[in-house]
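Engineer: Whatever this is, show me its structure:
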Amino acid sequence: MSQDETNSAASAVTVATTTEPAPIKAIPLRRPGRWIAAVVLLTLVGLFLYGAKTNPAYHWDTYWKYLRDINIAKGAAVTLELTVLAMFIGVLLGVLLAVMRLSPNPVLRSVAWAYLWIFRGTPVYVQLVFWGLFPSLYKTVTVGVPFGPSFANFDVQHWSAPFFFAVVGLGLNEAAYMAEIVRAGINSVDDGQREASVALGMSWSQTMTRTVLPQAMRVIIPPTGNELISMLKTTSLVTAIPLTTDLYGRARDIYGVNFQPIPLLLVAATWYLIITSVLMVGQFYLERYYSRGTSRKLTGRQERALVAAQAVGGDGRK
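Structural biologist: Below is the predicted model of the structure:
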């Protein structure tokens, strides 16, 4: 092979190696099934909405009339009060029961297990009926030393506090479920954290309150938010007490007079949806607050450092 031929071949190889390949024209995969399913669903939703709008049985005039009714708004406020107070009792007692279940004391473990067995094994409606009949079961309540002096006597027969019994019934039932949620969160913390706390001289209670529980919040918060939303809807069962000043009770009293249950139930459902939506937004920000340490999103400084490292030697070439 001559020198000219050799030079031509080398030039061709150099051009071939330095020339970048043409970009590939990517054609997205067509999925007609998605479009067909979307059109079918939107059509069905549109037909349902049109049928509901034109159906006189819905009584939309009554719906709009009572949607902003002051009595319904007061019922929504009572529902919120029930939810907050019952969840407060449930969370505090649930944490206590979870710690008792994990305690090395067998008596505490047995008492906590029996509590969960009873309150998780019976329907909440039955429990609320029981609390409604509490004045019939106990005439008086005496506080004092067993077989000794008494400090106070309460005449239960004259108690007329359905709101109080509703809060107690809902809170005690919720505590059984919160105990399992808190226990799962505590068990999610690595055993090395407990061992380190013990090595530092902390007691069992100090280890729980200062080391374990703060780290377990990341696992406890999401299901607790779900329990709060569930509690909001469970308050509609307080009619078993009976308590009629909550949101559902107000709506039921109104349609018991005008004999139009459908629009009043829609009014109650709308209020429940509004309150639930607000609680879901609060749950989102609370979860984000407690999951700050597990965020995988890089900061601006970390992104710039990563790009610089890749440009210099990340792939072995500059």
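
Engineer: So which helix or strand of this structure has the lowest pLDDT on average?
Structural biologist: helix 300-309 (a mean of 47; mean pLDDT, DSSP states H and E).

Engineer: so residue 27, which of the three states?
Structural biologist: Look at residue 27: counting by DSSP: H, G, I helix; E, B strand; the rest coil, its state is coil.

Engineer: In the stretch 51-200 of the chain, where is pLDDT below threshold?
Structural biologist: 144-145, 147-148, 156-160 (pLDDT under 70).

Engineer: could you pull out the helices for it?
Structural biologist: Under the criterion DSSP state H, counting those that start in this stretch, helices of the stretch 51-200 of the chain are mapped to 60-67, 70-101, 106-121, 124-132, 134-137, 162-187, 191-199.

Engineer: For the last one, what is the distance to the chain centroid?
Structural biologist: Yep, that's helix 191-199 we're talking about. 30 Å (C-alpha atoms, centre = their mean, to the nearest Å).

Engineer: Could you do stretch 191-209 as well?
Structural biologist: Stretch 191-209 sits 29 Å away from the centroid of its parent chain (C-alpha atoms, centre = their mean).

Engineer: repeat for stretch 155-175
Structural biologist: That offset, for stretch 155-175, works out to 24 Å (C-alpha atoms, centre = their mean).

Engineer: So which bits of that stretch are buried?
Structural biologist: 162-163, 165-175 (16 or more other C-beta atoms under 10 Å). Using the backbone N, CA and C atoms, a C-beta is placed for each residue, glycine as well.

Engineer: Please render the residues you listed as TSV that adds distance to residue 67 to the earlier fields.
Structural biologist: Formatted as TSV, these follow (distance: C-beta to C-beta, whole Å):
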residue	distance to residue 67
162	26
163	25
165	30
166	25
167	27
168	32
169	30
170	26
171	30
172	34
173	31
174	29
175	35
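
Engineer: can you pull the contacts of the closest residue to residue 238 other than its chain neighbours?
Structural biologist: Among residues not flanking residue 238 along the chain, residue 166 sits closest, at 4.2 Å (C-beta to C-beta, 6 or more residues apart in numbering). For residue 166, the contacting residues are 82, 86, 128, 131, 235, 238, 241, 243, by C-beta atoms under 8 Å, 6 or more residues apart in numbering.

Engineer: of all these, which comes closest to residue 53?
Structural biologist: Closest to residue 53 out of the contacts of residue 166 is residue 235 (30.4 Å), distances taken as C-beta to C-beta.
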